[in-house]
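Novice: Predicted model follows, preceded by the sequence.
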Amino acid sequence: MLIILLVILGAAAVAVFWVIGLYNGLVTLRNRYKNGFSQIDVQLKRRYDLIPNLVETAKAYMAHEKDTLEAVIQARNQASSARQAVAGTAAADNSALKSLTQAEAGLTAALSRFSIVQEAYPDLKANQNMMQLTEELTSTENKIAFARQAYNDAVMNYNTRREMFPTSFIAGMFNFTEAQSFEVANDAEREAVKIRF
């Protein structure tokens, strides 16, 4: 009788540790994708801080391009607000992440128009401040792309583990919801910007 009781207790202990291991694995993966979003957040903040400096430098040269400059600032402000909304939820709110994706698409479009207009101003392109800011913005864009890729990889790992048997039972019991990837909002954004002279 004592042996049967020890076997049952041993099996129960193994089951408890197994459930704990599955739970902790999900927590680890969830924290990785949240950290991945934090890395995107840092780069987006840097980008939003650079844009006003870029616009201020361009204002002196592009006085009659006021609409383009204002569109860049407005898109930057919308994207910054969306970033703050998502940052408050640690990327757990899928609708807030979708809003950020759309705002980022608008900012990218505004920056593309800005780049096209900038081509018409050789003195602006030769300005040291403008060259430095443009280089920093390009570097930041690359860092954002890498951070998005790392975030999406972490989301994929988390979602895969969350959906696999038997982890799906633990995920359901402890409310591990599906994470949202950071995706391009529409197909037009995937195309390269065409600049014509």
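Specialist: In hand now; what should we look at? Remember, predicted model here, so these are calculated numbers, not experimental data.
Novice: What's the local residue count around Ala60?
Specialist: The number of residues packed near Ala60 is 10, by other CB atoms under 10 Å. Where you see a C-beta, it was placed from the backbone N, CA and C, and this is true even at glycine.
Novice: Touching, Val155 and Tyr33? I think so.
Specialist: Yes - at 4.8 Å, Val155 counts as touching Tyr33 under the criterion of CB atoms under 8 Å.
Novice: what about Val86, distance to Pro122?
Specialist: 39 Å (CB to CB, to the nearest Å).
Novice: what does Asp49 give?
Specialist: 27 Å.
Novice: Same check on Gly21?
Specialist: 63 Å.
Novice: Quick one: mean pLDDT for the helix or strand hosting Val16?
Specialist: In the assignment (DSSP states H and E), Val16 maps to helix 2-59. Computed over helix 2-59, the mean pLDDT rounds to 93.
Novice: what do you get for stretch 167-178?
Specialist: Here the average pLDDT along stretch 167-178 is 94.
Novice: Show me which residues of it are buried.
Specialist: Buried residues in stretch 167-178, counted by 16 or more other CB atoms under 10 Å: 167, 170-171, 176.
Novice: ok, and what's touching it?
Specialist: 19, 22-23, 25-26, 30, 92, 94, 159, 161-163 (CB atoms under 8 Å, 6 or more residues apart in numbering).
Novice: Touching, Ile73 and Asn53? I think so.
Specialist: No - between Ile73 and Asn53 there is no contact under CB under 8 Å: 11.5 Å.
Novice: And the residue nearest the centre of this protein?
Specialist: Geometric centre of the chain, nearest residue: Ile40, 4.5 Å, by CA atoms, centre = their mean.
Novice: now that residue: how far from Ala58?
Specialist: From Ile40 to Ala58 the distance is 26 Å (CB to CB).
Novice: Leu22 too?
Specialist: 54 Å.
Novice: Comparing these two, which residue is more hemmed in?
Specialist: Ala58 (24 against 19).
Novice: mind listing what the closest residue to the more buried one other than its chain neighbours touches?
Specialist: Spatially, and ignoring its direct neighbours in sequence, Ala58 is nearest to Leu124 (6.0 Å; CB to CB, 6 or more residues apart in numbering). Leu124 sits next to 57-58, 61-62, 118, 130 when contact means CB under 8 Å, 6+ apart.
Novice: Show me how far stretch 116-124 is from its chain's centre.
Specialist: Counting by CA atoms, centre = their mean, to the nearest Å, stretch 116-124 is centred 30 Å from the centre of its parent chain.
Novice: about what we covered before: if you rank the contacts of Leu124 by neighbours, which is first?
Specialist: Busiest of the contacts of Leu124 [other CB under 10 Å] is Ala58, holding 24 neighbours.
Novice: ok so, going back, higher neighbour count, Asp49 and Pro122?
Specialist: Taking other CB under 10 Å, Asp49 and Pro122 do not tie; Asp49 has more neighbours (13 against 10).
Novice: And that one, how close does it get to Val42?
Specialist: Asp49 is 11 Å from Val42, by CB to CB.
Novice: Much appreciated, bye for now.
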